[in-house]
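Engineer: Here's my sequence, what's the structure:
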Amino acid sequence: MRKESAIIRKCSAQRTGEPFHYASIQHILSNVMNAGILRSGETKSEVFPELQIVSLEQFNRVAKTREQRSVNYAIKCGGTTETVQLEDGTEATVVRPPRAYPRKIVGKALLSGNVYCGHCGGRVFASTARKTHHPTDGTNGRVAIYKCYNRTQHKGNCDGPTTYRAEKVDAVVSKLIRDIFQKAGAVSEYDIIHNQIGATASDLQQQIRQAKLELSRKHIEQGRWEGLMLDSLDGKCPFTPEQVKSRLDSVKEAMTSLSVNIESLESRLADSDRLTQELKEQHQQLLSWAEMFDNATPAERKLIASHLIRAVTLTRGYGIQIDFNISEAQYLNGMEL
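Structural biologist: Take a look at the predicted model:
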């Protein structure tokens, strides 16, 4: 077929004067309508010579070549062939694809749905690529990769790499996950909670105590000014009723502000208690994942990674930045043992 394509490309041109692209010529040679045969579903007409731009002999030769290439490539990729008998008595070769074709290879990639390009911010998705153009080792010759969608579909929107080897990216991410699991096992639950929220909770409790003490003092001051109001009305006080009322309003305003502040601090403390419980659950979850990660199936490791990691950002030269879903993991990632 390459020979036919080259001849047609040399002898024909588009309206612009440029030669046809090889892909366009291959499409022309592979379309049965260009051989003068009309088709509707599985029904085909007789040959109409006036519609032909490709001879029937040439069309059949191209079709046979394409079929043989498909068979040869499937065999190289680990597929098998089988000859079957058709209803009309003729024989046909059926290719059985290998069991482990790209879908399962993609499934071996550790990350899915949470990978981004550091150059354009777009999504990076798992795919496959040929390891070699002519695999001879009995495998399908494909490897898992991560591809930048913008770079693949809209090259002008991204100046970063098109692909990253999943093997390299996953190795870095897996090592980081294992490091976090190791740190989680080496640090006590008490230390995790104390270092992340212990100081905050203690500070909140101190602020609440001080605010309540100040509110108690304002209550006493309020009672004193209310007593002076009666004396002022009886003329037994050096302050006028207006002056006493002004001071009394000021005290009440301060009491309202203190009450609001205490309520806010107590709410934050309650959130701190809730966070403490969450950290306890996270710590136990990390220890559980640590026990099973190395012996887990690819699907189980992918599930663990998806729960643990919020986003992975890839840049040129296999620069990798990871943001975690779990606050303890983020904390442990920055901790030195």
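Engineer: quick one: buried residues of stretch 118-131?
Structural biologist: 118-120, 122, 124-129 (16 or more other C-beta atoms under 10 Å). The C-beta positions use only the backbone N, C-alpha and C, and glycine is treated the same way.
Engineer: Next, the distance between the ends of it.
Structural biologist: 25 Å (C-alpha to C-alpha, to the nearest Å).
Engineer: Show residues contacting stretch 37-54.
Structural biologist: For stretch 37-54, contacts defined as C-beta atoms under 8 Å, 6 or more residues apart in numbering pick out 28-29, 32-36, 56.
Engineer: ok but residue 180 is inside a strand, no?
Structural biologist: No: using DSSP: H, G, I helix; E, B strand; the rest coil, the assignment for residue 180 is helix, not a strand.
Engineer: which one of the buried residues of stretch 118-131 is nearest residue 142?
Structural biologist: residue 128 (4.5 Å; C-beta to C-beta).
Engineer: Make sure the closest one is actually in contact with residue 141.
Structural biologist: No: Residue 128 is beyond contact range of residue 141, at 9.9 Å (criterion: C-beta atoms under 8 Å).
Engineer: so what's residue 281 up against?
Structural biologist: Per C-beta under 8 Å, 6+ apart, neighbours of residue 281: none.
Engineer: in which helix or strand would I find it?
Structural biologist: helix 241-292 (DSSP states H and E).
Engineer: Quick one: list the elements packing against the next helix or strand after that helix.
Structural biologist: Remark: after helix 241-292, the chain's next helix or strand is helix 298-308, criterion DSSP H and E. Other elements packing on helix 298-308 under the criterion 3 or more C-beta pairs under 8 Å, 6 or more residues apart in numbering; DSSP states H and E are helix 102-107, helix 166-186, helix 241-292.
Engineer: mind giving me the domain split of the chain?
Structural biologist: 2-74, 190-294 (automatic domain parsing).
Engineer: nearest to residue 112, of those?
Structural biologist: Of these, nearest to residue 112 by C-beta to C-beta is domain 190-294, at 16.7 Å.
Engineer: give me every residue that touches the nearest residue to residue 298 once chain neighbours are set aside.
Structural biologist: In this structure, residue 298 finds its nearest non-sequential neighbour in residue 108, 5.0 Å apart by C-beta to C-beta, 6 or more residues apart in numbering. Neighbour list for residue 108: 144, 166, 298 [criterion: C-beta under 8 Å, 6+ apart].
Engineer: What number of residues are in the vicinity of the last one?
Structural biologist: The one in question is residue 298. As a burial measure, residue 298 scores 13 neighbours (other C-beta atoms under 10 Å).
Engineer: so where do the helices sit in this structure?
Structural biologist: In the chain, the helices defined using DSSP state H lie at 2-11, 22-30, 56-76, 102-107, 149-153, 166-186, 189-193, 199-233, 241-292, 298-308, 327-333.
Engineer: Of those, which is nearest residue 160?
Structural biologist: helix 149-153 (6.1 Å).
Engineer: which helices and strands sit right next to the closest one?
Structural biologist: The contact analysis (3+ C-beta pairs under 8 Å, 6+ apart) places helix 149-153 against strand 115-117.
Engineer: for the record, mean pLDDT for the strand it packs on?
Structural biologist: Across strand 115-117, pLDDT averages out at 94.
Engineer: quick one: contacts of that strand?
Structural biologist: 122-126, 146, 148-151, 158, 160, 311-315.
Engineer: Would you mind checking which helix or strand in the chain has the lowest mean pLDDT?
Structural biologist: When each helix and strand of the chain is scored by mean pLDDT, DSSP states H and E, helix 2-11 comes last, with a mean of 51.
Engineer: Let me know how buried residue 220 is, in neighbour terms.
Structural biologist: 9.
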